[in-house]
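[1] quick check, what structure comes out for this input:
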Amino acid sequence: MNKRALVEAALFLSETPLSLRRLSRISGIRERELKRILDSMKKELNSEEHGIELIESEDGYYLQVKDEYLGKVADLASHTDIPRGPLRTLSIVALKQPILQSEIVKIQGNKAYGYIKYLENKGLIRTEKSGKTRLVRTTKEFERYFGKSLEEIRERLREVEEKL
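    The predicted structure is shown next:
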């Protein structure tokens, strides 16, 4: 079995960044060798002939579509990796931001706390302390994830809302 191909497959399928330790457990490759493989993959994917890139973040490594191609292909993604409840929360935040977490909880109930934490962990929203509650907003990653500007997403959500 090709170990580099196994690393690529793991990065492709993972919904979250993978740490060196986790990639090492999956592939059976020592971390030092794994780091060389990842550096090589990153260089290769950075060339113009590839539409994806390997990103290293504080949480680990992940693959993503390069920004210059995202607008053309974002509609192909089903975004099914976000469960229905958190997706509703994200819609509320996108439409009404900045919005107090307490307002979201009034709309969705106590389960909204978990949804907000889930979305924050995915990097799609950020929260900041505001009195006894938190103020919630979308992030730049939110726009990147959906491949559209916040205004385009809001417009689409308003269209859907009007049909309901």
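[2] contacts only, for the residue nearest the centre of the chain.
    Nearest to the mean C-alpha position of the chain, by Cα atoms, centre = their mean, lies Lys122 at 4.9 Å. Lys122 is in contact with 16, 82, 141, counting by Cβ atoms under 8 Å, 6 or more residues apart in numbering. Every residue, glycine included, has its C-beta placed from N, CA and C.
[3] could you do Arg88 as well?
    Arg88 makes contact with 108, 115 under the criterion Cβ under 8 Å, 6+ apart.
[4] domains in the protein, by residue range?
    The chain breaks down into these domains under automatic domain parsing: 3-65, 76-163.
[5] and the last one, end to end?
    What it means is domain 76-163. 23 Å (Cα to Cα, to the nearest Å).
[6] run the chain-centre distance for it.
    When C-alpha coordinates are averaged (Cα atoms, centre = their mean, to the nearest Å), domain 76-163 and its chain have centres 12 Å apart.
[7] swap in the shortest one?
    Computed by Cα atoms, centre = their mean, the separation of domain 3-65 from the middle of its chain amounts to 16 Å.
[8] ends of that domain, how far apart?
    Chord length of domain 3-65, first to last residue, is 23 Å (Cα to Cα).
[9] what is the mean pLDDT for that domain?
    The pLDDT scores in domain 3-65 average 91.
[10] could you pull out the strands for the chain?
    52-57, 60-65, 99-100, 125-130, 133-138 (DSSP state E).
[11] let me see the mean pLDDT of stretch 125-145.
    The predicted model assigns stretch 125-145 a mean pLDDT of 93.
[12] for it, list the C-alpha coordinates in PDB.
    Extracted C-alpha coordinates of stretch 125-145, given in PDB (Å, rounded to 0.1, in the frame of the first residue of the first chain):
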ATOM      1  CA  ILE A 125     -18.900  31.600  13.400                       C
ATOM      2  CA  ARG A 126     -17.200  33.400  16.300                       C
ATOM      3  CA  THR A 127     -18.500  34.500  19.600                       C
ATOM      4  CA  GLU A 128     -17.500  37.200  22.000                       C
ATOM      5  CA  LYS A 129     -18.700  38.000  25.500                       C
ATOM      6  CA  SER A 130     -21.600  40.600  25.700                       C
ATOM      7  CA  GLY A 131     -22.900  41.100  29.100                       C
ATOM      8  CA  LYS A 132     -24.400  37.800  30.400                       C
ATOM      9  CA  THR A 133     -24.600  36.300  26.900                       C
ATOM     10  CA  ARG A 134     -22.400  36.200  23.800                       C
ATOM     11  CA  LEU A 135     -22.500  38.100  20.500                       C
ATOM     12  CA  VAL A 136     -22.400  35.700  17.500                       C
ATOM     13  CA  ARG A 137     -21.100  36.500  13.900                       C
ATOM     14  CA  THR A 138     -20.000  34.600  10.900                       C
ATOM     15  CA  THR A 139     -16.300  34.400  10.000                       C
ATOM     16  CA  LYS A 140     -14.400  34.800   6.700                       C
ATOM     17  CA  GLU A 141     -14.200  30.900   6.700                       C
ATOM     18  CA  PHE A 142     -18.100  31.000   6.500                       C
ATOM     19  CA  GLU A 143     -17.800  32.800   3.100                       C
ATOM     20  CA  ARG A 144     -15.000  30.700   1.900                       C
ATOM     21  CA  TYR A 145     -16.800  27.500   2.900                       C
END
